[in-house]
Each structure stands twice: as C-alpha cells, then as structure tokens.
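K.L.:
Give me a model of this one.
(2 chains)
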2 protein chains.
Amino acid sequence: MKIESVDFFYLSMPEVLDIGDGSQDALLVRVRTNTGAEGWGECESSPLTSIAGWCTPMSHSACKPVSHSVLGKPVDEPSDIRRLTSEVRRNSFDLLQADHTFSGVEIALWDLLGRHLEQPAWKLLGWDRSFPKVAYASQLFGDTPEQTYQKAVGVRSKGFRAAKFGWGPFGINLAADEAQVRAAREGLGPHIELMVDAGTIWGEDVAQARLRVPVLEECRVTWLEEPFVSGALKAYRELGKGLTGKLRTAGGEGAHDPFVARNLMDFGGLGFVQIDAGRIGGLESAYSIARYAQAHDIRYVNHTFTTPLALSASLQPYAGLENSVYCEYPTEASAMARNLTTHSPVPDDDGMVQISDLPGLGMTLRKETLLKYLRTVEIRLSGKLIHQTASLD
Amino acid sequence: MKIESVDFFYLSMPEVLDIGDGSQDALLVRVRTNTGAEGWGECESSPLTSIAGWCTPMSHSACKPVSHSVLGKPVDEPSDIRRLTSEVRRNSFDLLQADHTFSGVEIALWDLLGRHLEQPAWKLLGWDRSFPKVAYASQLFGDTPEQTYQKAVGVRSKGFRAAKFGWGPFGINLAADEAQVRAAREGLGPHIELMVDAGTIWGEDVAQARLRVPVLEECRVTWLEEPFVSGALKAYRELGKGLTGKLRTAGGEGAHDPFVARNLMDFGGLGFVQIDAGRIGGLESAYSIARYAQAHDIRYVNHTFTTPLALSASLQPYAGLENSVYCEYPTEASAMARNLTTHSPVPDDDGMVQISDLPGLGMTLRKETLLKYLRTVEIRLSGKLIHQTASLD
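P.N.:
You can find the predicted model right below:
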C-alpha cells in the first residue's frame, strides 16, 4: 500500500477559554492509501501551526515540510512507519513544529496498519500482551480549596483509585497551595492515590518546589508533576535528589522528540516519565521511551488531555509494561472531545482501564461531531492555494 | 511606546534547492510602535510555519499564539523586551514553533529600541564594549575532494583566517571523509584554522564520530561541529571525554530555547556553543547563553546562515566576550540574501569582523530586494481572513 492522502481536520469549541484545558480544540489526521485503507490519528498541538508544518514549502535540505517524507511512501508493515519517523527527523530537523505535525500522522498510520492487519496498534509496536492500567482522574484544581475538596469527593464517588489535581491557582502562594493539597487529600479520603501537577509554574526555581515538598509528603502524594519546564534538567536533578520518601518527580509531557524525554531520565532523575504520543513523534517514539524507561527502572505514564482517540493512542506505547500502572484519564473534557467517538476507554468498577484488542486504535469517530466543530483552513502563497481542508467523505 | 504592529515578510528564491543552504529563503519581521518607531528582525526558521505560530487561534492557556503576548505591550527599555520573552515562554510553551516565531520579533524589538535610544543592540543587552571577531568562511564541502580543495584555496586567497566546511557528502564514508578533510587542509595551507561541520549526520552514533577523530586531529581541526543531534547529550558527553588534543566538539545551533544550549554545556561537554539568535528566542536568550558560556569557560560562537541582517543580529549577544573570538561568516549566500541590505559586516584585511556601533542592528534594508523576492501569505479559517501579508510601505 502507498500513502495517497493525508488530511488534517481542525476542530474547535466555538469559544476557547484561557484555562489549562487542552480539550478545547483538536487536530485530527486522516491517512488513506491507494488501496482504500484508512486510519485516524491526532496531534496534541496548535492545529493551524501544525498544518503549516505539513504544507509549507521547503526552506533547505534540513527544513522540508513533513509531507515531503510521507506522501507516496509504502506502508505495509511496522518497519515502514519506523522508517518514516527517521526520514521526517532527518528531512525536517530545522522545522521545529515538525514533531508535532508528524505525531498525528504517525498515529494514523498505526491505526491504518492495525486495521489492515487486524491487530491492535500495541501488538504491532511489539508488545505480546497488554496490562490494564489504574485510571487516574485528571483534573484542574478548583479556584478555592473548597472547590477542590468537592471535586475530590466527586472523584471518590465515581470509583477512581487515583486522582491528579493541577494548574489553576497552584504554585503562586505557599499557604494557598498547602490548603489546596490538603483539601484534595481530604476529599479523596485516605485510600485514593493523589498526584499533583505544578504545570511548570516554577520554571527552574528549585527552592519554590522544595517549599511544597512537606505538604506533598504529609498528604502522601505519589508524584509532583512538572515542577519545572522540560528542559530544566539541573533543577529536576537537584529536586529529585532531595526526595527521600515516597514522593517522586514526574515530567516529560513537553518532550517533542525522544531525546528530551531520555535526557530527563538520564540527567533529571525522574521517577515517572510522562509521554504525549501526540507530541513526541507518535507511537513508535513513545514506545522507544517506554522501553527505555523499563530498562532504567522508571515508570512510564501516558499524557493525554484531549479526546478519546488521543487517549487510546496514548495507551498503546506502554500497554505491555506491567509495572507502569498509571493511566491519565481526562474527566473534564469539552463536549467536542467527549462526543468525538462512538465509545471511549472507560474505567471498570475496579478503576482499571483495559486496553482495547480491537484493530488499530479501536476507535470509531462520529462524523456529525467532526462536522459540527470543524474549522476549515485555506492557505495561499502569492495567490496560489497550497492548502485547503479536505472533504470528510 | 506601545507595539502597534508586527508584520512578517516571507522572502524566497524562485527555486529552492535540496541542499544545505539556509539562505534560500528568509522570514523578516517588522515591528512598529504607536509613536512611529520601527525595527527589523529575522527568524531562522520555516517561514510559513512561523507565521502560523503568530496568528493561530489560542488552543488553551499554555498554547497561545505569539501575538497574544506581544501586541499592545510597552517597549521603552530593555527590561520590557525581557519581560516579553518570559511572557511568550509562559503563554506559548505548548506551541512548539513559538520560539522560532518569537526570535525574529524579539530581534526586531532590539533593533527598534536601539534606533530609538541611539545605541547598538549589544550595548543595550549589557556589554560595555565590543571585540572584533575572527570571521570564519562558512561553506559546504565540495562534491569531491578536488572541489573542496579549490574552495579552500579560494578562502585563502580572500584573506580569511579560518574556514569551516560541512554538510554535502560528509559523514557517510570514512575514506571519502578523510580525503575531504585533507583536501580542505591542503587548500587552506598550514596557517588558516579549519573547522568541520558534520550536520548531525551520525544521529547519536559515537563510534562513527570517533572514526573521524584521527584525521581531524591530523589536520589540526579546531572543532567538530554537530556530530550528533542537539538532544543527544550522552553521545556528546562520551565523544567529548575522548578528545585529549586540541580538537573540541561544537554544537547548539538547534537550540530553540536556552535550556537546550545549557544542557549541551552542562551535560554534553561542549567546547564551543553555537547559537542562532533567530531560533533560540532572540538576542536576550542568546545573550544569556553567552554569559553562561563565559561562566563555564566554554566558547560562544554565533550561528548564522542566511542574510546580513541575521549575521548582524548573531553578533550582538557575544560582542563583549573577548575570548569567544570566532564568527561564522556565510560566503555562499543566495543572491536574495546578499542583496537584502545596503551594506554588510565585512572582514577587514586582517580577517576580522568589527561589530557595528550604529544604532540597533545597524543595517538598512533594500526595499527593492524585499519586493523582488516577497511571497505573500493569506490564511483563512472557516472563510475568515486571519492573516495577510502587510504592505512594505
């Protein structure tokens, strides 16, 4: 089979709010072959910018559009997708956005190949079996400790075994942060695991992070996520060294290629590496990090904050890692994200998410949702149309 | 003064070839204030993709277009530009291309402020004086050793004190590479410094790089540039440790934020850190790396491969570093790049480049060149025009 078309569909809520909710828009990718095979993926990135990274003209030999490496190429077996990954990295390494653009394309290719070969993507990636994951309810802190408490009570009532709170007002004021973390723990009760996401608020300021460690330990928090930006290796290392109890650092969602994640493990002393398959270059790049984490006794966690399609994609790379047990599970997604697919991976009564055995990503899109939220894109260079959103048919 | 408009101008040669020549297109940025002040900068990046990073709608609170943090903001003193840098990083950290987009805007702001305050940009950045730099002729290897030899002879005849050869066929075949390096050294004669640029050809394969070390040492090469991709810290570290003679590693041009460059210094053991101000976030980010390199006894080198405007910008961040003496000097730029400005920093009879004392970047653009090579861009979302190339008036 040859890759005949790659089409991007930019979906968006009518109004996008200035909050840390990544499900307000989405960039879906449809790949089709000359034989009529089809697969869908999703980029976790700025939609218009990623589309431009697909269709922009070449600037020079190392700054080619992602399309250059993909269109017309064979896709008959997993090694074909792996080869495309290397080619995009070589041909587009001066095009910064290329990793984000390619991620959704690569995911769609695994979906396509899985459907064609009637295998789930995780099996094609190289896992023999999949292990269910503990879904952690992923949500924003409330504006007040009382709101956070109520959110935590809600999580408990829904049967989750773990919950993460993040962003919102967290990170600015120590006393307020302490109240927030205690409210989360109180609302969850003693038995539900608690994670905290600082959303890179402290940049590289280790002292700010250290000030929060006592309350995090007091509340038996499993990990402190993204105290710093992804590149701040020295800060990660310094904070990690001082953690002597159960608390560990988590990070890596910003990794747009495997090296960023590997460096956080090699030099940053992470306890949990969190990978967004929709940013790092797709499933194969994420899978390479899952293997790397396994070899270095670090736990892999999916990062996902958009649609059920992205959630399913995020589960494939570490399906076979028995001791990487946590799974990010968005609980506050937009109506658009919630309605994108006909079904969604849902935690069972025990709070566990099973990874689908269905071919590819195992998801079916609702065309009416795509039509409802679609934003068409048209780009002209010197008057000439170089990109136009394709038909959904 | 308030930032009233930011306009992008995408220039391109009529035909862009699949070679490692970054001067085939350019993305210029013009910033104007409400008081009529004006400055120009340049992004070293994929033009259309960077424009999209400016005008794309917000996806969520950490994925805003670069425009969000810039338009309407005050620009009266250097601290205003520094504040914008932090704001872009915070507001757009999930928009991968943002660093590339912002770089040209930030450079234009220093140019604008320098013109307004009648100071060269390097003085506003914080240097008391500037030191002339040894211009190294930066060029591609010839297709054959004979061609490389002739290029090297040409460099010598032009009075350069140093020359770098890179890309082209280098890195694939050991014997061919040895012949290329020896041809370069022979053509330069014994007294001109020689640098070699591997253009990341070996990915993270330390063994491949090590195989070339003997011929590089034999030919007294000053640095081996980009043996690996920017993220391959372990590979850089391993290769660096084995270098016991004069030869050092160089890298960093791929750094799209200061952390990438700092990690290469902290963990990769670089001898020379090479920064492209048009990628790393602009002059302030590059200046922070110059200071960091100085504190860690590492040499800073500009990276530039496009226009004289970009060359001038690239010199500002390390103008005041006396012992960082090398300056990349493109010698094979396209007609478009060569004709962009009315004058260009040119090496003197001694092969040294003086850094201009003129206000801002000290450059004047030729409007006829902009008009000749301009590619207009038009972007529509759901039929609504969200971006259109501005008038050059």
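K.L.:
distance between the strand or helix carrying A:Ala175 and the chain's centre?
P.N.:
Assessed by DSSP states H and E, A:Ala175 sits inside helix A:174-188. Centre-to-centre, helix A:174-188 and its host chain are 26 Å apart (CA atoms, centre = their mean, to the nearest Å).
K.L.:
Quick check: which helices or strands does it pack against?
P.N.:
Packing partners of helix A:174-188 (3 or more CB pairs under 8 Å, 6 or more residues apart in numbering or on different chains; DSSP states H and E): helix A:145-157, strand A:162-166, strand A:193-197, helix A:206-218. All C-beta spots, glycine's among them, are computed from the backbone N, C-alpha and C.
K.L.:
Only alpha carbons, please: show it as PDB.
P.N.:
C-alpha atoms of helix A:174-188 as PDB (Å, rounded to 0.1, in the frame of the first residue of the first chain):
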ATOM      1  CA  LEU A 174       2.600  28.500  49.600                       C
ATOM      2  CA  ALA A 175      -0.200  28.700  52.200                       C
ATOM      3  CA  ALA A 176      -2.800  28.500  49.500                       C
ATOM      4  CA  ASP A 177      -1.100  25.600  47.900                       C
ATOM      5  CA  GLU A 178      -0.900  23.700  51.200                       C
ATOM      6  CA  ALA A 179      -4.600  24.300  51.700                       C
ATOM      7  CA  GLN A 180      -5.300  23.000  48.100                       C
ATOM      8  CA  VAL A 181      -3.300  19.800  48.500                       C
ATOM      9  CA  ARG A 182      -4.900  19.100  51.900                       C
ATOM     10  CA  ALA A 183      -8.400  19.700  50.500                       C
ATOM     11  CA  ALA A 184      -7.700  17.300  47.700                       C
ATOM     12  CA  ARG A 185      -6.400  14.600  50.100                       C
ATOM     13  CA  GLU A 186      -9.400  15.200  52.500                       C
ATOM     14  CA  GLY A 187     -11.900  14.900  49.700                       C
ATOM     15  CA  LEU A 188     -10.300  11.700  48.300                       C
END
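K.L.:
related to what we said a few turns ago, just send the helices and strands packed on helix A:174-188 back as CSV, with mean pLDDT too.
P.N.:
Below are the helices and strands packed on helix A:174-188 laid out as CSV (pLDDT from 0 to 100):
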stretch, mean pLDDT
helix A:145-157, 96
strand A:162-166, 96
strand A:193-197, 98
helix A:206-218, 97
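K.L.:
show me where pLDDT drops low in chain A?
P.N.:
By pLDDT under 70, chain A contains no weakly predicted segment.
K.L.:
and it, what are its domains?
P.N.:
Domain segmentation of chain A under automatic domain parsing yields A:3-118+A:365-388, A:124-353.
K.L.:
sorry, back to before: by how many degrees do the helix holding A:Ala175 and helix A:145-157 diverge?
P.N.:
30 degrees (axes from the mean of the first three to the mean of the last three CA atoms, to 10 degrees).
K.L.:
contacting residues around helix A:174-188?
P.N.:
A:141-142, A:145-146, A:148-153, A:155-156, A:163, A:165, A:169-171, A:194, A:196, A:211-212, A:215-216, A:218-221 (CB atoms under 8 Å, 6 or more residues apart in numbering or on different chains).
K.L.:
how about the domains of chain A in JSON lines, adding distance to B:Gly53 and mean neighbour count?
P.N.:
What follows is the domains of chain A, written out as JSON lines (distance: least, CB to CB, whole Å; neighbours: other CB atoms under 10 Å in any protein chain shown):
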{"stretch": "domain A:3-118+A:365-388", "distance to B:Gly53": "5", "mean neighbour count": "21"}
{"stretch": "domain A:124-353", "distance to B:Gly53": "14", "mean neighbour count": "21"}
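K.L.:
The lengthiest helix in chain A: what's the following helix or strand?
P.N.:
As assigned by DSSP state H, the longest helix anywhere in chain A is helix A:98-117. Using DSSP H and E, the next helix or strand after helix A:98-117 towards the C-terminus is helix A:121-125.
K.L.:
returning to that earlier point: include distance to chain B when you put the helices and strands packed on helix A:174-188 into CSV, please.
P.N.:
Output for those, formatted as CSV (distance: least, CB to the nearest CB, whole Å):
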stretch, distance to chain B
helix A:145-157, 18
strand A:162-166, 12
strand A:193-197, 12
helix A:206-218, 14
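K.L.:
and stretch A:8-19, does that touch chain B?
P.N.:
Yes: counting by CB under 8 Å from any CB of the partner chain, contacts between stretch A:8-19 and chain B involve A:10, A:12, A:16-19.
K.L.:
got the CA coordinates for stretch A:211-218 in PDB?
P.N.:
Output of stretch A:211-218 as PDB, limited to C-alpha atoms (Å, rounded to 0.1, in the frame of the first residue of the first chain):
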ATOM      1  CA  LEU A 211       8.800  24.600  49.900                       C
ATOM      2  CA  ARG A 212       5.900  22.400  48.800                       C
ATOM      3  CA  VAL A 213       7.600  19.000  49.500                       C
ATOM      4  CA  PRO A 214       6.500  18.800  53.200                       C
ATOM      5  CA  VAL A 215       2.800  19.200  52.400                       C
ATOM      6  CA  LEU A 216       3.100  16.800  49.500                       C
ATOM      7  CA  GLU A 217       4.700  14.200  51.700                       C
ATOM      8  CA  GLU A 218       2.200  14.900  54.500                       C
END
